[in-house]
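below is the structure, and that's it, no one-letter string:
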């Protein structure tokens, strides 16, 4: 239907000539804008279609990176646990050695204390009159010299 026919129909419906022309012009503008909207929608669909492989690639990369980070976290955790276990084992060995040395020194010092007390008693009782002899016996008693 032509624009003139449409204007005539508006006039029959009770519109003035100017109102009918304005209505027809508005309808034509709307038709043009709809065509433009359709063009834009077509372009957007085309862009979406072209972006789809890129979106898939990004998604795939994201999954791969997450997997790699999870794997790295697991490896790091495993190494950390192994190092912790190794350290704790060595620490226990060192503590055992320290305890052993502690016991050994305690035994040795106890024996030296006993020898020193015995020597002191003998010196106090006058068993040793010669000072060189006393010093020799003292060193022997402490285990620092041989007979």
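Yep, it's here. Bear in mind that the values here come from a model prediction, so they are computed numbers and not experimental data.

now do the longest helix that the chain contains: which elements does it pack against?
In the chain, taking DSSP state H as the definition, the longest helix is helix 17-124. For helix 17-124, the packing partners by 3 or more CB pairs under 8 Å, 6 or more residues apart in numbering; DSSP states H and E come out as helix 3-12, helix 131-142. Placement of C-beta: from N, CA and C, glycine included.

rank those by pLDDT, which is bottom?
Mean pLDDT is lowest for helix 131-142 among those, at a mean of 65.

centroid residue for the chain?
In the chain, the C-alpha nearest the mean C-alpha coordinate belongs to residue 73, at 7.2 Å (CA atoms, centre = their mean).

and the gap between that one and residue 79?
Here residue 73 is placed at a distance of 11 Å from residue 79 (CB to CB, to the nearest Å).

please apply the same query to residue 10.
For residue 10, the distance to residue 79 (CB to CB) stands at 84 Å.

looking at these two, which has the bigger crowd around it?
A direct count of neighbours by other CB atoms under 10 Å for residue 10 and residue 79 places residue 10 higher, at 19 against 10.

count of residues packed around the nearest residue to that one once chain neighbours are set aside?
Of all residues not flanking residue 10 in the chain, residue 20 sits nearest, at 3.5 Å (CB to CB, 6 or more residues apart in numbering). Residue 20: 20 surrounding residues under other CB under 10 Å.
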